[in-house]
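> Task: produce atomic coordinates for the following.
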Amino acid sequence: MRPGAVLLLMLAWSCSGPSRLPLDVEPGAASGYDVVLLTIDTLRADRLGSYGYPQAKTPTLDRLANEGVRFENAISPAPLTLPAHASVLTGLEPPTHGVHHNGIFRLDESRTTLAEILKSGGYTTAAFVSSFVLDPRYGLAQGFDVYDGRVEPKGSPSLVALESERGAAAVTDAALAWLREPARSSPFLLWVHYYDPHAPYEPPAGFERGYDGEIAYVDSEVARLVEALEDSDRVLLVMVGDHGESLGEHREATHSRLLYDATQRVPWILWSPSLLGSPRVIEDVVGLVDVTPTLLDLLGSPASEMDGRTLLRSEGSERPVYMESLAPYLDNGWAPLHGMRSRTAKYISAPKPEAYDLARDPGETKNLFGSFPEAEALAGALERKMGGAPGLAAIQTRMQKVDPEELRRLQSLGYLGGPGPAAASGELPDPKDMMPVIQLLEEAESDRRAGRIEDAIEKVERARKGAPKDLLVLQTLGILKALAGRFEEAESILREHLALKRSADVSIVLANVLRETGRAVEGKALLEREIAIEKDHGGILVALGDFLAAEGRPADALALYRRAKEVDPSRASALADARILELRTGR
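Down below sits the predicted model:
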């Protein structure tokens, strides 16, 4: 952005002053408009120029904000990609739509998406997503005529080398190709998802390194998309971040386990030059659950039975927004977090409850729990909301079975968790007190990516001292020691994990450790027990096929690889295809 451009934008907004809800737009004003839903992963609000960041290089997103409506206090329901997008597309909060984490939940077909509603009204619908986390298997493809989730792994399909992400340029190319199809009809809903700001931060050449460089790169691709839309005077674009990034604040490097504004406050911009008139900044707190009901109201199809509300009719009734993170519980066996956020206050329910006066302390540095009446009111609102929400036991029954290959792909994207909680006794640890453990695991992952396996092991060993029964720590340490060839130690750690909780992922690693130490029969028997429990588990089938191939039974191994592709194609096809190729080429 040119020097002074941010100041000019801020001066333009200050002339009219901040606005309050409702939006000054008539319901149905966008009837028949084409709709573009643009979601940018891991984008915190305060890293855009239009939200006051002077170092930003985001001219396109800032222009959209300057010409449209910018929501100053838009809040994500969860610091995780799949739950947040499920809320964007359904207008439901996680306790209602039932998606609480990446990879181990899916949106049930009984839930109705924005795409389904618009398709029933005659819209053509298409989605182009850029992360394995939003693969069609997780339920968000409902209602889309086209759902392009093609995400190819980088490198070999090994234990820890899968990188399941599609770059912004490729996503834009795919979306533009669809827009230019001669047979495509209007009106349409086009969802484009960019994943690039997610760690690791590796923007292409020509952009500065790090997180800001990834955002600048995405902004340049948004420019290409917007250029293709500008000839139409009947287009409505909504841009949101799904969640933010802590960047070291509150001792969290990335996101998923805390509920501070670094991960929960996201940008939301509405842009439609023919519809929205003069630019505005809305100060009221809003949630991503409000995206679908607001869009439907603009299109003349008011929503019903949603947790979110239309911002066209929300006059004089500012309400707090719900947030949660179950990742600490599901990944580590720590306490889950729930919270409520108003425009000026936040309450977080935790073993050590937290309350913040956001007007005076936007960085959330001074916990006022017990002495801040506004937060006490939020605590009461949260208690009433959670009174009708599913408990943790019910939530665990919703978790879909996920094979080890799928979990490894999620881990390669920075989602280190997935094993689920072990049986807990006593009070669960407070996630904010456990951040040093996560810091060590993240540093270990950086070492692992760089090939420094022993350095990674040393860091996870330190994490284990602070969390000796943490399943994620045990799983990570066991895998690293196996990679280092320290098989006896790996076996002990993996067995310790399995004594706390059964895990197909850990069993597959242990089976291979047993094979490496001359106990292939025992390892094979372990896999056979696993496949008896989960007969259609593609990851176990592939692993068992590897044992048969090592026994000199290529035909039998080939049959298992093919079976994995048949019974579990979305999960096992890539790995099974690689194994089949290895057999055919004698490798």
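
> Quick test: name the residue nearest the centre of the chain.
Centroid-nearest residue in the chain, with C-alpha atoms, centre = their mean: residue 81, separated by 1.5 Å.

> in terms of contact, does it touch residue 102 like I think?
Yes. Here residue 81 reaches residue 102: they are 5.9 Å apart, a contact under C-beta atoms under 8 Å. Heads up, the C-betas are built off the backbone N, CA and C, glycines and all.

> how about the closest residue to residue 75 other than its chain neighbours, phi and psi?
Of all residues not flanking residue 75 in the chain, residue 321 sits nearest, at 4.4 Å (C-beta to C-beta, 6 or more residues apart in numbering). With angles defined as degrees, to the nearest 10, residue 321 sits at phi -110, psi 140.

> Surely residue 321 is in contact with residue 287?
Yes. Assessed by C-beta under 8 Å, residue 321 is found in contact with residue 287 at 4.0 Å.

> intersection of neighbour lists for those two?
75, 77 (C-beta atoms under 8 Å, 6 or more residues apart in numbering).

> And stretch 131-148, what's buried?
By neighbour count on 16 or more other C-beta atoms under 10 Å, the buried set for stretch 131-148 is 131-144, 147-148.

> quick revisit: and the closest residue to the residue nearest to the centre of the chain other than its chain neighbours, its phi and psi?
Counting by C-beta to C-beta, 6+ apart, residue 81 lies nearest to residue 133, which is 4.6 Å off, once chain neighbours are set aside. Main-chain dihedrals, residue 133, degrees, to the nearest 10: phi -60, psi -30.

> now residue 133: how far from residue 492?
As defined by C-beta to C-beta, to the nearest Å, residue 133 lies at a distance of 32 Å from residue 492.

> Likewise for residue 485?
Where residue 492 is concerned, residue 485 sits at a distance of 15 Å (C-beta to C-beta).

> returning to that earlier point: residue 31: which of the buried residues of stretch 131-148 is nearest?
For these, the closest approach to residue 31 (C-beta to C-beta) belongs to residue 143, at 19.2 Å.

> Can you name the residues that contact that closest one?
Residue 143 neighbours (C-beta under 8 Å, 6+ apart): 113-119, 125.

> in a strand, that's where it is, yeah?
No. Assigned with DSSP: H, G, I helix; E, B strand; the rest coil, residue 143 falls outside any strand and is coil.

> Okay, and the beta partners of the residue nearest to residue 75?
residue 341 (DSSP bridges).

> Angles on the backbone of residue 37, please.
phi -100, psi 120.

> Actually, residue 119.
Backbone torsions of residue 119, given as degrees, to the nearest 10, read phi -60, psi -40.

> thinking residue 355 is in contact with residue 373, fair?
No. Contact between residue 355 and residue 373 fails when scored by C-beta under 8 Å: they sit 9.5 Å apart.

> which one is residue 325 nearest to, not counting chain neighbours?
residue 337 (4.6 Å).

> Tell me how far that neighbour lies from residue 248.
Distance from residue 337 to residue 248, by C-beta to C-beta: 19 Å.

> which residues in this structure form strands?
Taking DSSP state E as the criterion, the chain carries its strands at 34-40, 69-75, 124-128, 146-148, 188-194, 235-241, 265-266, 268-271, 280-287, 321-325, 337-341, 345-349, 354-357.

> Show me which positions of stretch 40-58 end up buried.
Those would be 40-45, 47-51, 53, 56-58, for stretch 40-58 by 16+ other C-beta under 10 Å.
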